[in-house]
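Student: here you go, sequence then predicted model.
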Amino acid sequence: MSAFTPVSGAAGGGVLRAAGRIAAGRHPSAMVVDRAGSRLYVASASTDSIAVVDVAARRVVGHLADRTPGGTVEGSTPNALATSADGARLYVAEADNNAVAVFSVPGDSLLGRMPVEWYPTALVAAGGDTLDVVSGKGRGSRPNAANGPGPGRSGGGGKTAHADGYTLGQLSGTFAAIVVPRDGAALSSLTARVARANSWDRRRDSAAYPPFTHVLYIIKENRTYDQVLGDLAQADGDTSLVFFGRAVTPNHHALAERYGVWDRFMVNAEVSGDGHPWSTAAYATDYVEKTVPSNYSGRGRSYDYEGTNRDTMPKDGDDVAAPVAGYLWDLAVRKGLTLRDYGEFVVEKGRTAETGVFEPPAVGAKPALVGTTNPDFPPFNLSITDQHRADVYLAELTRFVASGSMPALEIMHLGNDHTAGGRPGSPTPKAMVADNDLALGRIVAALSRTPFWASTVIFVVEDDAQNGPDHVDSHRAPVLVISPYSKPGVTHRFANTTDVLATIEEILGLGSLSQFDRYGRPMRDAFGAVLDPTPYTVLTPTQSLTELNPDTGKVASLSRRLPLGEADEVEDGTFNRILWLAVKGPDVPQPAPRRASTAALIGLR
């Protein structure tokens, strides 16, 4: 943080002059001075701490620890501060605890916490013991089938609109005035409520897994559960919302039926901007959460969420969005495990615009990915088929088999299910999703025929679920847990992205990154004790992979100028409308939702 002093004398005119800098911590996000004007408190959102600055000396003289009970270095996310009217208390908005912490000052001890709504971002001491709280994500999300993307309406969200049918647009902020209890027992009761809501009181049993020593983690793009698996009769789906059914995604269907259906799986993220950090770091920093709405509403911010700043990799690898605890690959490196990355947090050297030509090498955008990234595997580029990506992976898999060794952790971005909408001359949305489906099926089928299969598990997730409707919740997405020990059947219990990461971490003995995987619900119940070594047989979609969008018509007109060089660069309200029109046609109305909110379904309210 920078310090300034006023220019002295009447001629100064209120001008400030730089007087140096004070190292107050990573991602400083809020400041408040005490009543005496001698102490300045500075919240460091990504280190769960508040720096105490001696104003006269202009130096940090202490820190207030604002961590969760498990001692994780990230996850409380202190990002707003206020002092009580009597100056005896410091209030701290803990964005990711959905709580306000109460510290005694100058004793600097944590007295307790009070629950608030989702992601508190601003505090004002309103007088007496009243505290005004603004929560950035408010009351959360809900089904988006009735008012989501449909013919004749924008679907909301994206770069220009915020209708509540679009996931990010559903998260409207809320204001609340709360009374801070002076009674210690009352504050203790609220503190216990915060702990229960965040699962801090949950204790994990010792992990018991099949003998896995290899994990392949595949991250895809933007689909809801109903769009892909809503036609599975044995699970909770809405067939009217299916965009890419069995004819388009026979492998997704067959893999879910054979290895297990999870119809209460939710992604942590709203869009790809926070989706890739959540999928790889079990956390999205306060910088990410606060700039994603600006980026997605077209207010001029660059996409700084996958290792780059203004489309450039920092020389030290420390981009502005990076969490202090790092990413899944950093855990693997610290553990001494072998690692291979295919397209995740990767840039294509020399590429300045999306073309159908790949210009290798692909370069890892983070230090741990330099030297561990496959240089021939294209990063996100919708003009390159996922069949090509599968070819690159399978060629390397052949070499692994020949050498008798495969990396313990492989991470892959397989993103053509994003689709190019109705862009003239590009494959249709169904063709691109079928391409993605066939690539996934080929990868699983090949792995299941290697000597590594008995010790391998594959996790397949969407980074977010923004581009489509779902009758349960706009965050619900497909997930696949594929292994020779995976159990068939339907699992109805709640799980989310960070639970997948918690499962990977337990399997590989990696530890945790944030409070979210530390207190997550590992998906141990996906596995049985009996090995079924039967190889998987890939299925070919009946949907043509080469079907092209027409050059004329409403969909072509809407799609002609879509920016598709980066994930989610396109305006999502228009994109969702295009997908509905391209897949469902102009005469199919969108049905109303049949369910309550996810929070109600899983008993969180």
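Tutor: Sure, I can see it. Quantities reported herein were computed from a predicted structural model and do not represent experimental measurements. Residues are numbered from 1 along each chain as shown.
Student: G326 and E94: what is the separation?
Tutor: Distance of G326 to E94, given as C-beta to C-beta, to the nearest Å: 21 Å. In this view, the C-beta of every residue, glycine as well, is placed from N, C-alpha and C.
Student: ok, these two, which is more surrounded?
Tutor: Shown here are G326 and E94; by other C-beta atoms under 10 Å, E94 has more neighbours (28 against 20).
Student: can you name the residues that contact the more buried one?
Tutor: 66, 76-78, 100-101, 113, 120 (C-beta atoms under 8 Å, 6 or more residues apart in numbering).
Student: and the pLDDT at it?
Tutor: pLDDT recorded at E94 is 97.
Student: what about the residue nearest to D108 when sequence neighbours are not counted, how many neighbours?
Tutor: Once flanking residues are discounted, D108 sits nearest to L64: 5.3 Å by C-beta to C-beta, 6 or more residues apart in numbering. If you count neighbours by other C-beta under 10 Å, L64 ends up with 20.
Student: count of residues packed around V15?
Tutor: The burial count for V15: 9, using other C-beta under 10 Å.
Student: what pLDDT does it get?
Tutor: Reported pLDDT for V15: 83.
Student: next: the one 3 residues further on.
Tutor: Each residue has a pLDDT score; the one for A18 is 85.
Student: for it, give its distance to P28.
Tutor: Distance from A18 to P28, by C-beta to C-beta: 17 Å.
Student: now V530
Tutor: As judged by C-beta to C-beta, V530 and P28 stand 53 Å apart.
Student: those two - which one has more neighbours?
Tutor: Neighbour count, other C-beta under 10 Å: between V530 and P28, P28 has more, with 20 against 9.
Student: avg pLDDT for the strand or helix carrying S29?
Tutor: Using DSSP states H and E, S29 falls within strand 28-33. For strand 28-33, mean pLDDT rounds to 94.
Student: in contact with L111, which residues?
Tutor: With C-beta under 8 Å, 6+ apart, L111 has these contacts: 89, 102-104, 184, 187.
Student: one more: A247?
Tutor: Contacts of A247 (C-beta under 8 Å, 6+ apart): 541-543.
Student: a markdown table for those residues, including distance to D437 and neighbour count?
Tutor: Putting these into a markdown table (distance: C-beta to C-beta, whole Å; neighbours: other C-beta atoms under 10 Å) gives the following:
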| residue | distance to D437 | neighbour count |
| --- | --- | --- |
| P541 | 6 | 23 |
| T542 | 11 | 10 |
| Q543 | 9 | 22 |
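Student: turn the residues you listed into TSV, including secondary structure and distance to P484.
Tutor: Below are the contacts of A247 laid out as TSV (DSSP: H, G, I helix; E, B strand; the rest coil; distance: C-beta to C-beta, whole Å):
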residue	secondary structure	distance to P484
P541	coil	25
T542	coil	28
Q543	coil	29
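Student: closest to R493 out of these?
Tutor: P541 (30.5 Å; C-beta to C-beta).
Student: so the closest one sits against P250, correct?
Tutor: Yes: using C-beta atoms under 8 Å, P541 is in contact with P250, at 5.6 Å.
Student: shared neighbours of the two, anything?
Tutor: Joint contacts of P541 and P250 (C-beta under 8 Å, 6+ apart) are D437.
Student: mind checking which helix or strand of the protein has the lowest mean pLDDT?
Tutor: Counting by mean pLDDT, DSSP states H and E, the chain has its least confident helix or strand at helix 598-601, which shows a mean of 49.
Student: show me which of the contacts of E94 are buried.
Tutor: 66, 76-78, 100-101, 113, 120 (16 or more other C-beta atoms under 10 Å).
Student: just those residues: which are in strands?
Tutor: 78, 100-101, 113, 120 (DSSP state E).
Student: ramachandran angles for D304?
Tutor: phi -110, psi 40 (degrees, to the nearest 10).
Student: distance of it relative to Y296?
Tutor: Counting by C-beta to C-beta, the gap from D304 to Y296 is 13 Å.
Student: which of these two has more neighbours?
Tutor: Of the pair D304 and Y296, Y296 is the one with more neighbours under other C-beta under 10 Å, namely 28 against 21.
Student: for S474, see how far away the more buried one is.
Tutor: Applying C-beta to C-beta to Y296 and S474 gives a distance of 14 Å.
Student: do R202 as well
Tutor: 26 Å.
Student: and those two? which has more neighbours close in?
Tutor: S474 (33 against 11).
Student: let me see the ranges of the strands in the stretch 301-450 of the chain.
Tutor: 339-342, 346-348, 362-364, 409-413 (DSSP state E, counting those that start in this stretch).
Student: could you dump those into JSON lines with mean neighbour count, distance to G173 and mean pLDDT added?
Tutor: Shown next, in JSON lines, are those (neighbours: other C-beta atoms under 10 Å; distance: least, C-beta to C-beta, whole Å; pLDDT from 0 to 100):
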{"stretch": "strand 339-342", "mean neighbour count": "23", "distance to G173": "36", "mean pLDDT": "98"}
{"stretch": "strand 346-348", "mean neighbour count": "22", "distance to G173": "34", "mean pLDDT": "87"}
{"stretch": "strand 362-364", "mean neighbour count": "21", "distance to G173": "36", "mean pLDDT": "93"}
{"stretch": "strand 409-413", "mean neighbour count": "25", "distance to G173": "32", "mean pLDDT": "98"}
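Student: redo those as TSV? Include distance to V461.
Tutor: Output for the strands of the stretch 301-450 of the chain, formatted as TSV (distance: least, C-beta to C-beta, whole Å):
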stretch	distance to V461
strand 339-342	15
strand 346-348	18
strand 362-364	20
strand 409-413	11
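Student: returning to that earlier point: nearest to K315 among the ones in strands among the buried ones among the contacts of E94?
Tutor: Nearest member of those to K315, counting by C-beta to C-beta, is P78, at 29.4 Å.
Student: got the contacts of A247 as a markdown table, with pLDDT and distance to T534 columns?
Tutor: Shown next, in a markdown table, are those (pLDDT from 0 to 100; distance: C-beta to C-beta, whole Å):
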| residue | pLDDT | distance to T534 |
| --- | --- | --- |
| P541 | 98 | 22 |
| T542 | 98 | 24 |
| Q543 | 97 | 26 |
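Student: between those, which is closest to Q466?
Tutor: For the contacts of A247, the nearest to Q466 is Q543 (22.9 Å; C-beta to C-beta).
Student: ok, that closest one - contacts?
Tutor: Neighbours of Q543 in contact, by C-beta under 8 Å, 6+ apart: 247-248, 430-431, 433-434.
Student: and it, how far from A256?
Tutor: 18 Å.
Student: what of A402?
Tutor: Counting by C-beta to C-beta, the gap from A402 to A256 is 32 Å.
Student: and P28, by the same measure?
Tutor: From P28 to A256 the distance is 45 Å (C-beta to C-beta).
Student: check G489 too.
Tutor: From G489 to A256 the distance is 10 Å (C-beta to C-beta).
Student: so those two - more neighbours on which side?
Tutor: For G489 and A256, the more surrounded residue by other C-beta under 10 Å is A256, and the numbers stand at 26 against 10.
Student: now that one, what's its secondary structure?
Tutor: State at A256, reduced to three classes by DSSP: H, G, I helix; E, B strand; the rest coil: helix.
Student: begin at 53 from here
Tutor: Sure, I'll start numbering at 53, so the last one becomes A308.
Student: OK, contacts around it?
Tutor: Contacts of A308 (C-beta under 8 Å, 6+ apart): 281, 284, 530, 532.
Student: save the residues you listed as a markdown table, and put in distance to S101, secondary structure and pLDDT too.
Tutor: A markdown table is the format used below for the contacts of A308 (distance: C-beta to C-beta, whole Å; DSSP: H, G, I helix; E, B strand; the rest coil; pLDDT from 0 to 100):
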| residue | distance to S101 | secondary structure | pLDDT |
| --- | --- | --- | --- |
| L281 | 43 | helix | 98 |
| L284 | 46 | coil | 98 |
| P530 | 38 | coil | 98 |
| L532 | 38 | strand | 98 |
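Student: pick out the most distant pair among those.
Tutor: Counting by C-beta to C-beta, the most remote pair of the contacts of A308 is L284 and L532, 12.5 Å apart.
Student: between the two, which is the more surrounded one?
Tutor: Shown here are L284 and L532; by other C-beta under 10 Å, L532 has more neighbours (25 against 21).
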